[in-house]
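Participant: need a structure here:
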Amino acid sequence: MTTGVVTISLDEKLDLVDEIMSSGDIRHMPVTKGGFVVGLVTQRDLLRAKLSSVINFSKEDRKELLEATDVEKVMVKDVKLADPNEPVVHAAKRMLEMRIGCLPVVNNDRELLGIITEIDVMRYFVEIAEGNDS
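Facilitator: Predicted structure coming up:
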């Protein structure tokens, strides 16, 4: 699990999400309200919102579109969550079955504790495999 997760507030605009994701090499950003997970924005969601660029929009037009679009309009609202005590194998299996790239880890109140991403899962299994090689 990754802790110290970068989040975005429910009332922000997509231009800020775009800037944070681009500069921080971030692919999944939980949307929070008062510290509690209420949604999730992914690179894929952001890409869908930016597809207007294919329709001959100028860079300025795309920027204006992102500045005018609320995070809430593009975020995933039915976020699949993980329990902090959930085994990594179980979380990985759920991610694979649901074809999702992350699971925010929350306590019983949906307060964000961290996030499990595809990279975290791969890192976990590589560490196990390397441990078995010794």
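
Participant: for the closest residue to Leu16 other than its chain neighbours, grab phi and psi.
Facilitator: The shortest distance from Leu16 to any non-neighbouring residue, by Cβ to Cβ, 6 or more residues apart in numbering, is to Ile8 (6.8 Å). Glycine gets a C-beta too; all of them are placed from N, C-alpha and C. When read as degrees, to the nearest 10, the backbone of Ile8 gives phi -130, psi 140.

Participant: repeat for the one 10 residues further on
Facilitator: In terms of degrees, to the nearest 10, the main-chain angles of Asp18 are phi -60, psi -50.

Participant: residue contacts, it?
Facilitator: 46, 50, 66 (Cβ atoms under 8 Å, 6 or more residues apart in numbering).

Participant: helices along this protein, start to end?
Facilitator: Using DSSP state H, the helices of the chain run over residues 14-24, 43-50, 59-68, 71-74, 88-98, 118-133.

Participant: what would those look like in CSV with mean pLDDT and distance to Lys80?
Facilitator: As requested, the helices of the chain are arranged in CSV below (pLDDT from 0 to 100; distance: least, Cβ to Cβ, whole Å):
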stretch, mean pLDDT, distance to Lys80
helix 14-24, 90, 20
helix 43-50, 80, 15
helix 59-68, 76, 26
helix 71-74, 88, 17
helix 88-98, 95, 6
helix 118-133, 88, 14
